[in-house]
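Visitor: What shape does this take:
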Amino acid sequence: TYEQVEQWGPAIVAATQARTMPPWLVTDDGSCGEFAHSEWLADEELATLAEWVDDGMVEGGEATRTPVERDTLDGDVLAQQTPEFTPVAVGGEYAEFDEYRCFMVDPELTEAKYLTGYEMLPGTPEIVHHVIGHTVDLSAKTWNGHRTNAEQIEALSTDGRDGWPCFNGAGNQVSYTSDAIAWAPGLGALNFPDGLGVKINPGEVIVYQVHYNLANEGSEGLSDSTEIELELADSVDKELYVFYVDYLLGYGEELEGGQTSVEYTRSATLQDFGLPQGVKFDVWATTPHMHEYGRKLSARAVHPDSSETCMVDVPNWDFNWQHTYFYEEPVRLAHDDAWEITCTFDTTSRPEGVKAGWGTGNEMCLTVVYGTPAL
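Guide: Just a heads-up that it's a prediction; the model follows:
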């Protein structure tokens, strides 16, 4: 109502001009990619809000108010659920307040389907840091080839609790065919662009890696069961591939402590991440990710001639509002293009330094990339 907005007028101007609201973290003024479904406010819109407040917040005429509807999945939905689980912090310097736990859910597919969208609804969102869904063939060999995935999962499930520990993917040495799902706080229903989907083969199960964070006061002893909704299609025009450009994790690296700005940059070619030589790749979307010390993130494609294509720029990181950002048109890259990320962190609250690692109190610098081979 007008009365509600009037008392918040100056705060609305401050929040929108600082671009903390709406929570659209990427720069979207045309200087670094053009994104679909943008919530970026144009300079003219910001000026209109400021002028309205400066002019005394005059009430307008009567109008019909249309509530904004929550994004939903477009098609038929398969509902799944993780068990009610009470996490326990693993401890140590890499997961002081955290537990990573994997749970297997069988979609019971008798023929191939394509994941075209999904939504995660944590029952206790204050302890769920992220959920990643891996498609797993239980009869396939593990990464080291010593067992089948089913045998390895059984070997990992030894503590009498639901699921099994899994700081690495779907669990230590468990092989998977795709990282189909990636959810973090702030991401609502995610619909892939029309005609795109991640393939799930008949007989494959989905292993959900849930990262529980127990750092906040009162979180110890809380349990969670996360509701999962999957949108599946019989066919798509193009098969979508998801991979993680994953830096500052598990390499024994550490950010200098007590600094207002610590910058970290890493780069690798798409071939390093598995794209065959000579193949081009259309990038449809990216998901930036850092933890609570993160302040800025930027990613660019660096071409062999040293020219660059800006892929995503996050000038004001907010852990609580993470999104997958789809481009208006896919960006075509080649196997020898490098994906370079720069992350900036504020470590003033940790004079002893911040280690790279899995815990919320550690740090990461990564982007999830969604793409299709260009035929």
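
Visitor: State the distance from Glu253 to Tyr94.
Guide: Using Cβ to Cβ, to the nearest Å, one gets 12 Å for the distance from Glu253 to Tyr94. The C-beta positions use only the backbone N, C-alpha and C, and glycine is treated the same way.

Visitor: nope, Met21 is what I meant
Guide: From Met21 across to Tyr94, the span is 34 Å (Cβ to Cβ).

Visitor: shared neighbours, Glu253 and Tyr94?
Guide: Taking Cβ atoms under 8 Å, 6 or more residues apart in numbering as the contact rule, Glu253 and Tyr94 both touch Lys355.

Visitor: which residues of the stretch 201-350 of the chain score low on pLDDT?
Guide: 250-251 (pLDDT under 70).

Visitor: Show me the strands in it, by range?
Guide: Counting by DSSP state E, counting those that start in this stretch, one finds strands in the stretch 201-350 of the chain at the ranges 205-213, 227-233, 238-239, 241-247, 254-255, 262-269, 280-289, 294-302, 308-314, 325-334, 338-345.

Visitor: Would you tell me which of those strands gets closest to Ala184?
Guide: strand 280-289 (6.5 Å; Cβ to Cβ).

Visitor: chain center to the closest one: distance?
Guide: Put simply, strand 280-289 sits 12 Å off its chain's centre (Cα atoms, centre = their mean, to the nearest Å).

Visitor: who has more neighbours, Met21 and Tyr94?
Guide: Counting neighbours by other Cβ atoms under 10 Å for Met21 and for Tyr94 shows that Tyr94 has the greater number, 18 against 15.

Visitor: Relative to Gly56, how far out is the closest residue in space to the more buried one that isn't next to it in sequence?
Guide: Excluding its sequence neighbours, the residue lying closest to Tyr94 (Cβ to Cβ, 6 or more residues apart in numbering) is Gly357, at 3.6 Å. Between Gly357 and Gly56 the distance is 52 Å, computed by Cβ to Cβ.

Visitor: So for the two, which sits in the more crowded spot?
Guide: Gly357 (25 against 9).

Visitor: need the contact list for the more buried one.
Guide: By Cβ under 8 Å, 6+ apart, Gly357 lies in contact with 93-95, 249-250, 363.

Visitor: same thing with Gly203?
Guide: Contacts here follow Cβ under 8 Å, 6+ apart; on that basis Gly203 touches 109, 137-139.

Visitor: Would you map the helices across the chain?
Guide: Counting by DSSP state H, the chain has helices at residues 2-17, 43-54, 149-156.

Visitor: want to try CSV for those helices, with distance to Leu270 and mean neighbour count as columns?
Guide: Shown next, in CSV, are those (distance: least, Cβ to Cβ, whole Å; neighbours: other Cβ atoms under 10 Å):
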stretch, distance to Leu270, mean neighbour count
helix 2-17, 37, 13
helix 43-54, 35, 12
helix 149-156, 27, 18
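
Visitor: Out of those helices, flag the one nearest His303.
Guide: helix 43-54 (31.0 Å).

Visitor: Now that Gly117 has come up, it's in contact with Phe192, right?
Guide: Yes: in this structure, Gly117 is within contact of Phe192 by Cβ atoms under 8 Å, at 5.9 Å.

Visitor: of those two, who's got more company?
Guide: For Gly117 versus Phe192, the count of surrounding residues by other Cβ under 10 Å is larger for Phe192: 24 against 21.

Visitor: So for that one, what's the nearest residue that isn't a sequence neighbour?
Guide: Closest residue in space to Phe192, ignoring its immediate chain neighbours: Thr116 at 5.2 Å, by Cβ to Cβ, 6+ apart.

Visitor: Next: Leu297.
Guide: With Cβ to Cβ, 6+ apart as the criterion, Leu297 has its nearest non-adjacent residue at 4.4 Å, and that residue is Val314.

Visitor: I'd like to know how many residues surround the one you found.
Guide: Other residues near Val314 come to 24 when the count uses other Cβ under 10 Å.

Visitor: And the closest residue to Thr265 other than its chain neighbours, how close does it get to His146?
Guide: In space, and not counting its chain neighbours, Thr265 is closest to Thr342: 4.5 Å by Cβ to Cβ, 6+ apart. Distance of Thr342 to His146, given as Cβ to Cβ: 39 Å.

Visitor: Settle it for me: which of these two has more neighbours?
Guide: Between Thr342 and His146, counted using other Cβ under 10 Å, the more crowded position is Thr342 (17 against 10).

Visitor: Pull the contacting residues for that one.
Guide: 263-265, 296-299.

Visitor: Dig out what it forms beta bridges with.
Guide: Note on Thr342: beta-bridge partners by DSSP bridges are Thr265, Ser298.

Visitor: Nearest to Asn216, out of the helices of the chain?
Guide: helix 2-17 (23.8 Å).

Visitor: tell me the angle of the closest one relative to helix 43-54?
Guide: With axes from the mean of the first three to the mean of the last three Cα atoms, to 10 degrees defining the directions, helix 2-17 sits at 130 degrees from helix 43-54.

Visitor: Report the mean per-residue pLDDT for helix 2-17.
Guide: For helix 2-17, the mean pLDDT works out to 94.

Visitor: Need the residues that contact it.
Guide: The contact list for helix 2-17, computed with Cβ under 8 Å, 6+ apart, reads 21-22, 41, 46, 49-50, 52-53, 57, 59-60.
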